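Asker: 3D, please:
(one chain, ligands or ions: 1)
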Amino acid sequence: MGKLAPVWSKLTPLQVVRGEGAVVYDRDGQAYLDATSGIAVTSTGHSHPRVVRAVAEQAARFIHAQVNIYTHDGLQRLADRLEEITPEGIDTFFFANSGAEAVEASVKLARQYTKRPNIITFQGSFHGRTAQAMAMTTSRTGYRAGYMPLPAGVFVSLFPGFPTASGTRRVETAEALDYLDYLLAGQTAPDETAAMVVEPVLGEGGYLPATAEFLAGIAERCRKHGILMIADEVQTGFGRTGRMFAVEHFGVIPDVLVMAKGIASGFPFSAIGSSERVMAAWPTGSHGGTYGGNPLGVAAALATIEVIQEEGLVANAGERGAQLESGMLQLAEKYPSIGRVQALGLMVGVELVDPETGAPDPGLVQELLRELLQSHRIIAMGAGTFGNVIRWMPPLVIDKEQVEKLIDGFGSSLSAVLGKR
Ligand SMILES: Cc1ncc(COP(=O)(O)O)c(C=O)c1O
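Answerer: Okay, here's the model as predicted:
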């Protein structure tokens, strides 16, 4: 009998047979409200009919059109659409299959463009599971343990708002920028630094939005020293934060934008975008891949962008996110076990802490996730370096009643779990 590798951790024992909008159904026909979107992916909801149709029609034409061998009409159309929706100056695109692959591509581009070796990343970041992406990931030791040595040349700076393990102090923006200057003076000289790679909202690291001053400070230092600023918008992109891209909240324009997850409603597809000038420095043939720009992924991405725009999903993410955040803040007033509520659109993070000391309470997160699933049929997920954040990331099509259900279910779960302690 064939077996599945035990390396996959499991959030739930559910076996789903169908999905529609923000709901998935298991083998017994039981409906579950999916507040994870399969880790912030199914932005248009599960199996949106327009995405399904676009993929089916494309599959009937041709499934694979390897970009080095020949081209297909979708590639140019997708580049055109991305140029319209990405920040100013980003007009040239490369396609890959996963977030990690796109992050790696952005680093390879930065090294070719600058002819410099080193990369700066930020505390609590998650950039993926491949060797280079793992070397850039510091959201948890579990992602790297047992895999050393990782590629060298990665330097980690501080992220504002990041909590200390004791929960008693947070990194200030000025402190984070001071530390960045220290890195540039003491560890990786500017003329050896190719890029700074930053998530505008830490994802795996605990749903923590950056500050505008912090991102402006990174942009300023990058400009001054000829370093590329790379925004990893794998989790934050395509409307999730209430803007098409999270950097728009902060008024910064990165040199390179990394995209995946929400780009194609669940089809494995990713992209990086930059200016024609930067991309021109990437020698032809020095990077590529068998499947990048796959026609099915392109069709899914084109349909996804259309649905996001025509159904007003960016605005819905902002409105439903505000509703969810306000519900969580109300619960925080009642339950001192809720520490900070951190939100940007439909990325809503709720910290669970010891009410006496403020120390992280990862055990409470695990109990709450179980209770939400078993008693309310709500699928939610944790995050955070200390494992004490619940992150709400439902599909962008979620409606007002469904958000109400999430808030009520979370309130009842808190009451039940804390009552048993
Ligand atoms: C910000 C960010 N970057 C990169 C990745 C890696 O993406 P993938 O799992 O598709 O390789 C993730 C995945 O969670 C992510 O959240």
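Asker: Close to the ligand: what parts of the stretch 1-150 of the chain are there?
Answerer: 39, 98-100, 103, 126-128 (Cβ under 6 Å from any ligand atom). Just so you know, the C-beta spots here come from the backbone N, C-alpha and C atoms, and that holds for glycine as well.
Asker: Show me the helices in this structure, by range?
Answerer: 37-40, 49-61, 73-85, 99-114, 131-135, 173-186, 212-225, 247-250, 276-279, 295-310, 313-334, 362-376, 400-420 (DSSP state H).
Asker: Please identify the deepest-packed of these.
Answerer: Of all these, helix 99-114 carries the top mean neighbour count, a mean of 24, counting by mean count of other Cβ atoms under 10 Å.
Asker: residues touching the closest residue to the ligand within the chain, list them.
Answerer: As assessed by Cβ to the nearest ligand atom, the ligand sits closest to Gly99 within the chain, at 2.1 Å. The contact partners of Gly99, by Cβ atoms under 8 Å, 6 or more residues apart in numbering, come to 127-128, 133, 232, 234-235, 258, 260-261, 270.
Asker: on that earlier part again, generate CSV for the helices of the chain, with mean pLDDT as supplementary columns.
Answerer: Listed next are these as CSV, based on pLDDT from 0 to 100:
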stretch, mean pLDDT
helix 37-40, 98
helix 49-61, 98
helix 73-85, 98
helix 99-114, 98
helix 131-135, 98
helix 173-186, 98
helix 212-225, 98
helix 247-250, 98
helix 276-279, 98
helix 295-310, 98
helix 313-334, 98
helix 362-376, 98
helix 400-420, 98
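Asker: need those helices in a markdown table with distance to Ala194, can you?
Answerer: Below are these laid out as a markdown table (distance: least, Cβ to Cβ, whole Å):
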| stretch | distance to Ala194 |
| --- | --- |
| helix 37-40 | 27 |
| helix 49-61 | 36 |
| helix 73-85 | 23 |
| helix 99-114 | 4 |
| helix 131-135 | 12 |
| helix 173-186 | 13 |
| helix 212-225 | 10 |
| helix 247-250 | 20 |
| helix 276-279 | 12 |
| helix 295-310 | 28 |
| helix 313-334 | 32 |
| helix 362-376 | 35 |
| helix 400-420 | 41 |
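Asker: Out of those helices, which gets nearest to Val156?
Answerer: helix 173-186 (8.3 Å; Cβ to Cβ).
Asker: now the closest one against helix 212-225, angle please.
Answerer: Computed by axes from the mean of the first three to the mean of the last three Cα atoms, to 10 degrees, the angle separating helix 173-186 from helix 212-225 equals 20 degrees.
Asker: what separates helix 173-186 from the chain centre, distance-wise?
Answerer: In terms of Cα atoms, centre = their mean, to the nearest Å, the centre of helix 173-186 is set 25 Å apart from its chain centre.
Asker: likewise stretch 167-177?
Answerer: Counting by Cα atoms, centre = their mean, stretch 167-177 comes out at 22 Å from the chain centroid.
Asker: contacts for that stretch?
Answerer: 122-123, 157-164, 211, 213-214, 217, 339, 353-354, 357-360.
Asker: Please apply the same query to stretch 266-279.
Answerer: By Cβ under 8 Å, 6+ apart, stretch 266-279 touches 38, 41-42, 46, 55, 82-83, 86, 89-99, 101-102, 105-106, 109, 113, 228, 234, 255-260, 263, 294, 296-298, 300-301.
Asker: That one: which residues count as buried?
Answerer: 266-274, 278-279 (16 or more other Cβ atoms under 10 Å).
Asker: again with stretch 339-356
Answerer: Buried residues in stretch 339-356, defined by neighbour count with 16+ other Cβ under 10 Å: 339-353.
Asker: if we can go back for a sec, quick check: the two most widely separated of the buried residues of stretch 266-279?
Answerer: Gly266 and Val278 (29.7 Å).
Asker: So which of the buried residues of stretch 266-279 sit within strands?
Answerer: Within those, membership in strands is found for 270-274, as judged by DSSP state E.
Asker: Would you map out the domains in the chain?
Answerer: 16-47+312-420, 49-310 (automatic domain parsing).
Asker: Now for the closest residue to Gln323 other than its chain neighbours: which residues touch it?
Answerer: Using Cβ to Cβ, 6 or more residues apart in numbering and skipping residues adjacent in sequence, the residue nearest Gln323 is Val403, 5.0 Å away. Residues in contact with Val403 (Cβ under 8 Å, 6+ apart) are 320, 323-324, 327, 394.
Asker: residues near Pro283, how many?
Answerer: 8 (other Cβ atoms under 10 Å).
Asker: Just confirm it contacts Lys115, I think it does.
Answerer: No - taking contacts as Cβ atoms under 8 Å, Pro283 lies outside contact range of Lys115: 11.6 Å.
Asker: re earlier: out of the domains of the chain, which is closest to Ala5?
Answerer: Ala5 sits nearest to domain 49-310 of all these, at 13.6 Å, using Cβ to Cβ.
Asker: Other residues contacting stretch 207-218?
Answerer: So stretch 207-218 is contacted by 124, 159-162, 173, 176-177, 180, 196, 198-202, 229, 246-247, 249-252, 342-344, 347-349, 383-384, 389, 391 (Cβ under 8 Å, 6+ apart).
Asker: Quote the end-to-end distance of that stretch.
Answerer: Using Cα to Cα, to the nearest Å, one end of stretch 207-218 lies 20 Å from the other.
Asker: Repeat that for stretch 23-30.
Answerer: End-to-end distance (Cα to Cα), stretch 23-30: 10 Å.
Asker: tell me the average confidence for that stretch?
Answerer: For stretch 23-30, mean pLDDT rounds to 97.
Asker: Also stretch 2-12?
Answerer: Here stretch 2-12 scores 96 as its mean pLDDT.
Asker: Repeat that for stretch 335-344.
Answerer: 97.
Asker: Any chance you could list what contacts that stretch?
Answerer: 161, 167, 201, 206-209, 236, 241-242, 246, 249, 321, 324-325, 328-329, 331-332, 348-355, 358, 361, 364, 388, 414, 418.
Asker: near the ligand at all, that stretch?
Answerer: No - using Cβ under 6 Å from any ligand atom, we find that stretch 335-344 stays clear of the ligand, coming within 13.5 Å at best.
Asker: start at 160 instead
Answerer: Noted, 160 is the first residue going forward, which turns the last one into stretch 494-503.
Asker: Using CSV, write down the CA coordinates of that stretch.
Answerer: Output of stretch 494-503 as CSV, limited to C-alpha atoms (Å, rounded to 0.1, in the frame of the first residue of the first chain):
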residue,chain,number,x,y,z
TYR,A,494,-11.1,38.5,27.5
PRO,A,495,-7.7,39.6,28.8
SER,A,496,-6.2,36.5,27.3
ILE,A,497,-6.3,38.4,24.0
GLY,A,498,-3.2,40.5,23.7
ARG,A,499,-2.8,42.6,20.5
VAL,A,500,-5.2,42.5,17.6
GLN,A,501,-3.2,43.3,14.4
ALA,A,502,-4.9,43.8,11.1
LEU,A,503,-4.7,45.0,7.6
